[in-house]
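[1] sharing a model that was predicted from the sequence below.
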Amino acid sequence: MKARAVEGLDPAAPLRPNAARIVQTRLDELRTLAEQALAPDAAEAQHDARIAAKRLRYVLEIVRPCLGEAAEPARRAAKEIQTVLGDLHDCDTILPKAEHVASLAAALRTRRARLHREFVALWQLQASRGAWAALERAL
């Protein structure tokens, strides 16, 4: 998945306004993809949301000092989402190779369903905690 272009960057400007543009673009990207990834069978959207969470997390790790306290909870949230969606993607990758072993395929489908529920709950938890909203206010 190709990252969204960040509009309006100014190499001559201070770091903070450019960092805010990059973070906002990565956050918008994650929100859009995560909404699609909430569907249980949306494997491609779930993988893309994982990549978007990873991009947001990494940019927050770099620019956290200039964004203040709100950056850290958002970074942790992005990491948690990245991890659960990564584990879910592992199931998607292994499952086609395991279909001939019924017990293994069943275990992978069960694990995938549990991980999807975990992702949905985590996404809702982050929204209720206001991690994304606090980050946007800091921008």
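    Okay, I see it.
[2] what residue ranges in the protein score low on pLDDT?
    The model of the chain has no residue with pLDDT under 70.
[3] what residue is smack in the middle of it?
    A53 (2.4 Å; CA atoms, centre = their mean).
[4] surely it is in contact with L27?
    No. Using CB atoms under 8 Å, A53 is not in contact with L27, being 10.1 Å away. Backbone N, C-alpha and C define where each C-beta goes, glycine included.
[5] how about stretch 13-26: buried residues?
    Neighbour-count burial for stretch 13-26, counted by 16 or more other CB atoms under 10 Å, picks out 18-23, 25-26.
[6] alpha carbons only: can I get it in PDB?
    Output in PDB follows, covering the C-alpha atoms of stretch 13-26 (Å, rounded to 0.1, in the frame of the first residue of the first chain):
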ATOM      1  CA  ALA A  13       9.700  26.000   7.800                       C
ATOM      2  CA  PRO A  14      10.300  24.900  11.400                       C
ATOM      3  CA  LEU A  15       9.900  21.200  12.200                       C
ATOM      4  CA  ARG A  16       6.600  21.500  14.200                       C
ATOM      5  CA  PRO A  17       4.300  22.700  11.400                       C
ATOM      6  CA  ASN A  18       5.700  20.100   9.000                       C
ATOM      7  CA  ALA A  19       5.500  17.400  11.600                       C
ATOM      8  CA  ALA A  20       1.900  18.300  12.300                       C
ATOM      9  CA  ARG A  21       1.000  18.000   8.600                       C
ATOM     10  CA  ILE A  22       2.700  14.600   8.400                       C
ATOM     11  CA  VAL A  23       1.100  13.300  11.500                       C
ATOM     12  CA  GLN A  24      -2.400  14.600  10.500                       C
ATOM     13  CA  THR A  25      -2.000  12.800   7.100                       C
ATOM     14  CA  ARG A  26      -0.900   9.600   8.700                       C
END
